Every structure is written in C-alpha cells, then in structure tokens.
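[1] what follows is a predicted structure for the sequence shown.
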Amino acid sequence: MDLRAAIDGYARHLELDRGFSAHTIRGYRTDLADLAGFAESAGVDDTAGVDLELLRGWLWRGSSAGLAKSTLARRSAAARGFTKWLTTTGTADADSGLRLKAPRPDRHLPRVLTRRQVDGLLDDLAVRAATGEPNAVRDLAVVELLYASALRVSELVGARVADLDRERMTLRVTGKGDKQRVVPFGIPARRALDRYLDEARAALLDGRDDPGTIFVSARGRQLSTRAVYELVARLLADLPGSGPAGPHAFRHTAATHLLDGGADLRAVQELLGHASLATTQIYTHVSAERLKESYQLAHPRA
C-alpha cells in the first residue's frame, strides 16, 4: 500500500475510531509525513518497505540533527501506533515498530507560582477590570477561571455559556478525547464571571453573531488559545521562576496548591481530567520539592 495513503488512512482512524483531537492528529501527521519523506529518500514509498531498520534510521537522523529527547520519544510513539495499525488492519504481516525504542524524555517539574504571586497577579487584573474596560473585565475572568478550575487552555476557550451553572458554580468542559467532565469554581471566579457575562461580554459582541462560547474577543469571535497564551505570557514575564510561561502554569499551580492544602490525589485527578493517576502524581513531586525548599530555608539544622 502506498505509504502516504496509509498515513491518511491512519489519521482517519485516529479521528473516527479513536476520537483523537484535531491537535493530536496534526502532530501524528507531521511526524509520519517526516517518516514518509525519509523513507522516500531511501527509495521506499510502500508500507511493505517500512521495517525496523528504516524506523531506527529515521530516529537516528533526528537524533543527529539535535532533536530533543521528548521529540524523539513522540516520533517513536507515532511510528509504533502507525505500524500497529498496519498490522491490525492486515496491511502488514508483522509489526515492524514493536521493538522500536527512543530515549526517555527528560522529566522537568512544571512551573508553579506561589500563592502570593497568584494573589498579586489577580489583584493587578482586578485593578484594571475596575475601569470597566471590557477586555480587562474579560481577562480577569479568564485567569480566575483558569486557576480556579485548573483548565487546559483548549477547555477554557471552548467552554460554552450553556454549560456554565453560575448558581452551583460548576462548568461542563470537553477535554482530551472529547471526554466531558464537570469542574467547580469558587466565589472569586464567580464574581469575575458574573461581571464579565453581565456587563463586558455584550460590549465585546457589539451586536455581532454570538459564537456561544463564554469568552469572546474584541471582534466578537471565540477567544483564541493564542490570545490566552499572550495574556498569560505578559502576566508572568516579570515574575521569577523557570519553565514555560503559558496558561498551563495556572493548571499546574492549581493542582499543586490543592495537594498542598490536603486535597485527595484522586480528587485532583478527576478535576484535571487525567486518564491515569500516574500523570497526576507529578504534582506530589512538586509539593515535595517545595517542602524541601521551605525546610532548607527555615529549619535551623537543615
């Protein structure tokens, strides 16, 4: 079977049968398109020529080009999923990617803000929102909800007004794999949302067609993930600390603060929408590191 046609078929399988998000499918397509290009340079344009040696050569080229371990691990996973599908569908007699390995990605602890830093950011946003400027009112509600409910940015921008229960202070969101869950939020987030929905949102729409999402841009469209990234990057730019300065920092921070406050790990897992408890457990490591730092600073015999 033609290799690129097989990749198209695999992408349709991921969308229709596995329910993968468009973002994840694009990632798989990009990696496998690179594999197809490498295979063609080696004279292979059919799935029958995709063997373990070819796959290892592809990863080796990436390694030699200086690709990060995390990127190589992702490419290896994409190739293994593809070759497994080829075998399952009868396109290939054997799974050539079964023994394909890649270096383990380096594990970095996520960036976590202190409670004082979060309070400072939200206080600054509240001062700006007090002017009544619609974008400032919206930005306060965005960050309050990101932190209150530990949302992914895609869940935040895709959240719809119809799925918001202001009285019960809950929101139904759609996460990875189109899985839905209901997340709570607190009184500060409710106040920010109430003001945004009752005053600022209509001003931003300015009579234009309502997209139905909670957060809208100055042009009345669904707020983009890029806009949220830019907002958070500005807020975190001058704060000390290493790690990515994107919306996920508030998700990491919320999860860590919950565990610091005594929340049950499985409850945090449910709030975050993690399929595996192992994914949530990284925040216990963050809490342990924070405890160690506090101990070394405060204990007289540290």
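    Great, that's in hand.
[2] next, count neighbours for residue 122.
    For residue 122, the neighbour count with other C-beta atoms under 10 Å is 19. (Each C-beta comes from the backbone N, C-alpha and C, glycine too.)
[3] so it: helix, strand or coil?
    Assigned with DSSP: H, G, I helix; E, B strand; the rest coil, residue 122 falls in the helix class.
[4] would you check that it makes contact with residue 141?
    No: when contacts are counted by C-beta atoms under 8 Å, residue 122 is not listed as touching residue 141 (10.9 Å).
[5] and the helices in the stretch 201-302 of the chain?
    Assignment of helices within the stretch 201-302 of the chain using DSSP state H, counting those that start in this stretch yields the ranges 201-205, 225-236, 248-260, 265-272, 277-280, 282-298.
[6] tell me which of these is the most buried.
    Stretch with highest mean neighbour count among those: helix 248-260 (a mean of 22; mean count of other C-beta atoms under 10 Å).
[7] got the angle for that helix vs helix 265-272?
    For helix 248-260 against helix 265-272, the angle by axes from the mean of the first three to the mean of the last three C-alpha atoms, to 10 degrees is 150 degrees.
[8] circling back to that earlier point, can you say which of the helices of the stretch 201-302 of the chain is nearest to residue 77?
    The closest of these to residue 77 is helix 277-280. By C-beta to C-beta, the value is 15.2 Å.
[9] could you list the low-pLDDT ranges of the stretch 151-300 of the chain?
    241-244, 285-300 (pLDDT under 70).
[10] circling back to that earlier point, now the helices of the stretch 201-302 of the chain as CSV including distance to residue 66?
    Putting these into CSV (distance: least, C-beta to C-beta, whole Å) gives the following:
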stretch, distance to residue 66
helix 201-205, 44
helix 225-236, 26
helix 248-260, 25
helix 265-272, 33
helix 277-280, 28
helix 282-298, 26
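[11] residue 76 is nearest to which of those helices?
    Nearest of the helices of the stretch 201-302 of the chain to residue 76, taken as C-beta to C-beta: helix 277-280 at 19.1 Å.
[12] and that closest one, what does it pack onto?
    If contacts are counted by 3 or more C-beta pairs under 8 Å, 6 or more residues apart in numbering; DSSP states H and E, helix 277-280 sits against helix 265-272.
[13] what separates the helix it packs on from the chain centre, distance-wise?
    For helix 265-272, the separation from the chain centroid amounts to 16 Å (computed by C-alpha atoms, centre = their mean, to the nearest Å).
[14] dump the C-alpha coordinates for it into PDB.
    Extracted in PDB, the C-alpha atoms of helix 265-272 (Å, rounded to 0.1, in the frame of the first residue of the first chain):
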ATOM      1  CA  LEU A 265      -4.900  12.800  44.800                       C
ATOM      2  CA  ARG A 266      -7.800  11.100  43.100                       C
ATOM      3  CA  ALA A 267     -10.000  14.100  43.500                       C
ATOM      4  CA  VAL A 268      -7.300  16.200  41.800                       C
ATOM      5  CA  GLN A 269      -7.100  13.600  39.100                       C
ATOM      6  CA  GLU A 270     -10.800  14.000  38.400                       C
ATOM      7  CA  LEU A 271     -10.600  17.700  38.400                       C
ATOM      8  CA  LEU A 272      -7.800  17.700  35.900                       C
END
